[in-house]
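In: Structure, please.
(3 chains)
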Amino acid sequence: MNWNWDVVADFMPRFWDGVLVTLQALVLGSLLAFSLGLVWAIAQRSKVKLIRWPVVGITEFIRNTPLLVQLFFLFYVVPEWGPSMSPLVTGVIGLGLHYSTYTAEVYRAGIDGVPVGQWEAATALSLPRTRTWTAVILPQAIRRVIPALGNYVVAMLKDSPMIAVIGAFEMLGEARAFSNETFTFEAYTIVGVAFIVIAYPASLLIRAMERRLVK
Amino acid sequence: MTWPLFTEWFLPGVWITVQVTLGSAALALLVSFVIGIARSSRLWIVRFAAGCYFEVFRGTSALVFMLWMAFAFPLMFGWVFVPMAAGVVALGLTYGAYGSEIVRGALQSVPAAQREAGIALSFTRAQRLRRIELPQAWPEMVPPFNNLLIELLKGTALVSVISVADMTFAANLSRLASNESAPAYTLLLVAYFVLAFVLTRGMRLVERRAKAGVGQRPEPRRGLRAARKTNPKADAQSAGGVG
Amino acid sequence: MSSDTPNPAETPQDKPRTPEGKPDVPEALAHVNPRVDGSELIRFDRVTKRFGDHVVLDDLEFTVASGKHVTLIGPSGSGKTTILRLLMTLLKPDEGTITVGGRYLTHEERNGKLVPAGEKHIREVRKNIGMVFQQFNLFPNMRVLRNITEAPVHVLGLSKEEAEERARELLELVGLTEHVDKYPTQLSGGQQQRVAIARALAMRPQVLLLDEVTSALDPELVAGVLDVLRDIAHTTDITMLCVTHEMNFARDISDDVLMFNEGRVIESGSPEKMFNDPDHPRTREFLSAVL
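Out: Now for the predicted structure:
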């Protein structure tokens, strides 16, 4: 093995650019996944079949097909009849949409975990439906689901390199471009280690949250 | 997608996807059990080594690892993988780490009283593991293994990036060839969905047999909507730790 | 306490204990414990066991002669179950030693010094001890027959046929012949407990430990289990160590009753004496509360 630190030094500026893009995709993708997932979760509990069934169908379909292919679809197919989006925007939408189908399940479990007595108490007090959700159910549900959501953020982090395939220059995209230009291997290795180095403290953090929030 | 492209690339691609799925599932299953059992070992050094494996590979991005295997590994060590082997190894090693958490958790869920009954009958540690703990833990493992298998199936699409001619590769080829991508990618998504459905059905059968093997009745379920739709990739994040 | 070891000569006459005098021994029990000679089988020598700051057993000494049926009574938390779990090596003593049949249970002599025993030694000594648990602890992944044959085949090295024959005899003894092919979850608690008794006996142990074997059962199922145990107690010389709250049962099967309080044996004697005319005020208090 002939590891070359000069190559590493050459790569580092582009590595940091990539980290920035990865973090952008991760933060925006997470926000999208969190909010869209909540919409799915509430819609799946709707009493109206016309709302419930399509939502269940769509989320099942998205969850059971590869994110990579969904990214291709968003990037190449959607512009044929819809808006053209930059690789990063496509990536954020793809990550957010894909993971929203998982966060929906997390919310669902959290909502199911709120004791039936809470719904009954809200009914007994004649609280309007929106008030029951926002003041009684969700505050209790969200607390329990935060660590689980955190787990999906880490999972999303590790799937984020896929957006390199549609041309977003996050960490892997930078490494791939750099390695192809220079015929070197150090960049891939650095990015691979970087993911492990980021993911490890992240999971420690989630574990700590789990201990504090889920009693 | 044109007809020749469909018959010469897409259909063989489906077969490649199935092969990669089954191959990496077999490797992942092996890793799951070896690492999962080692993480429950009474020897700290074994626990520590297995814990390190788990920490490293659950933090690893499968795609990055796959590209590293395909492009960096040959340059570093002068040994080239066939692209499909690189894909199978990368998927098997990373998903095996998630699977080890399933095995460890299921072993831990076997009541301590069962271990004690085994001791009272003078079984050795290995006998207890093989005859009492693993058979009882197995039905617990099947539903999360099903979820992991679906994740793995989806993960196989990544091999197209290192030029393995799976069905995603065929759809990309179609886009490049015809400049018309909607039919190809729609077909591709449906194909993955159908494969996921078939795998889930198969795993449901495994689950029923596993539960019958401990005198339990499986709870009825419908289609792809499993009772617990968690993602073992995510569940493994907050789990365990080294040692 | 060791001075209270019952002398085999004092065995009550209503329960014949010599092989010749035994009333019709069931086939399945014919082989149980042929080595009974009334000599010391179990010895607790200054055993102390703590859980954190809580002392469960305090410098405990007692012995059990082979062939005796000994019942441990006392308030909950007095350390009765801990004794059984120590004998089964589910727990290790903090101080003191336990010997079974003259061999150290959790210690080995090496270069004249007593050191904690290795797994192999422990297993070897432990093979002489069987246990029936409060919660049965049958293996849910095995049918009734295999629950009983598994250990004889894989621990004692019996052939499958031998083990199955032994198992069927024992199932007949406990009255469950028609349930051989069921899974434990398909049986009632009482039936499960009888399978567990058969499973323990299939190992032909010298000592049978019974840990509150009826506490987890619905009241109407208790009698069936106790009947089986009575049969075994009255027709065999297997040594029994029994923790129970069924005082009538204890009176019926015991040669000796040990009263525990705060980790020590405060009184012991024949069931007649212990239940009718105990000396210790604590024993009187306890018995008036439970009888």
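
In: For the rest of this, base every contact and every neighbour count on C-alpha atoms.
Out: OK.

In: what's the burial count for the closest residue to B:Met84 other than its chain neighbours?
Out: Leaving aside its chain neighbours, B:Met84 sits nearest to B:Val164 (5.9 Å; criterion: Cα to Cα, 6 or more residues apart in numbering or on different chains). Look at B:Val164: counted by other Cα atoms under 10 Å in any protein chain shown, it has 24 neighbours.

In: quick one, what contacts C:Thr283?
Out: C:Thr283 sits next to C:Gly74, C:Met259, C:Glu267 when contact means Cα atoms under 8 Å, 6 or more residues apart in numbering or on different chains.

In: backbone phi and psi for the last one, please?
Out: Phi and psi for C:Glu267, reported as degrees, to the nearest 10, are phi -160, psi 150.

In: Now for the nearest residue to it once chain neighbours are set aside: which residues touch it?
Out: Nearest non-adjacent residue to C:Glu267, counting by Cα to Cα, 6+ apart: C:Met259, 5.2 Å away. With contact set as Cα under 8 Å, 6+ apart, C:Met259 has these partners: C:Leu72, C:Ile73, C:Gly74, C:Val265, C:Ile266, C:Glu267, C:Ser268, C:Thr283.

In: Okay, and the beta partners of C:Met259?
Out: C:Ile73, C:Glu267 (DSSP bridges).

In: Closest to B:Phe123 out of the contacts of C:Met259?
Out: Nearest to B:Phe123 among these: C:Leu72, at 27.3 Å, using Cα to Cα.

In: Tell me the spacing between the closest one and A:Leu138.
Out: Using Cα to Cα, to the nearest Å, C:Leu72 is found at 54 Å from A:Leu138.

In: Comparing those two, which residue is more hemmed in?
Out: C:Leu72 (24 against 18).

In: is it true that that one touches C:Leu258?
Out: Yes - counting by Cα atoms under 8 Å, C:Leu72 does reach C:Leu258; the two are 4.9 Å apart.

In: Quick check: longest helix in chain C by residues?
Out: Of all the segments of type helix in chain C, defined by DSSP state H, the longest one is helix C:219-235.

In: List the buried residues in whichever helix or strand comes after that helix.
Out: Reading on from helix C:219-235 to the C-terminus, the next helix or strand found by DSSP states H and E is strand C:239-243. For strand C:239-243, the neighbour count (16 or more other Cα atoms under 10 Å in any protein chain shown) marks C:Thr239, C:Met240, C:Leu241, C:Cys242, C:Val243 as buried.

In: all helices of chain A, in order?
Out: According to DSSP H, the helices that chain A contains are A:5-44, A:49-63, A:67-72, A:78-81, A:87-112, A:116-124, A:129-131, A:138-159, A:171-182, A:186-213.

In: any idea how far C:Leu210 is from the residue lying farthest from the centre of chain A?
Out: In terms of distance from the mean C-alpha position of chain A, A:Ala124 ranks first, at 37.7 Å (Cα atoms, centre = their mean). Computed as Cα to Cα, the A:Ala124 to C:Leu210 distance reads 53 Å.

In: quick one: secondary structure of the residue of chain B found nearest chain C?
Out: The minimum distance from chain B to chain C, using Cα to the nearest Cα, falls at B:Val214 (3.9 Å). Put simply, B:Val214 is coil when judged by DSSP: H, G, I helix; E, B strand; the rest coil.
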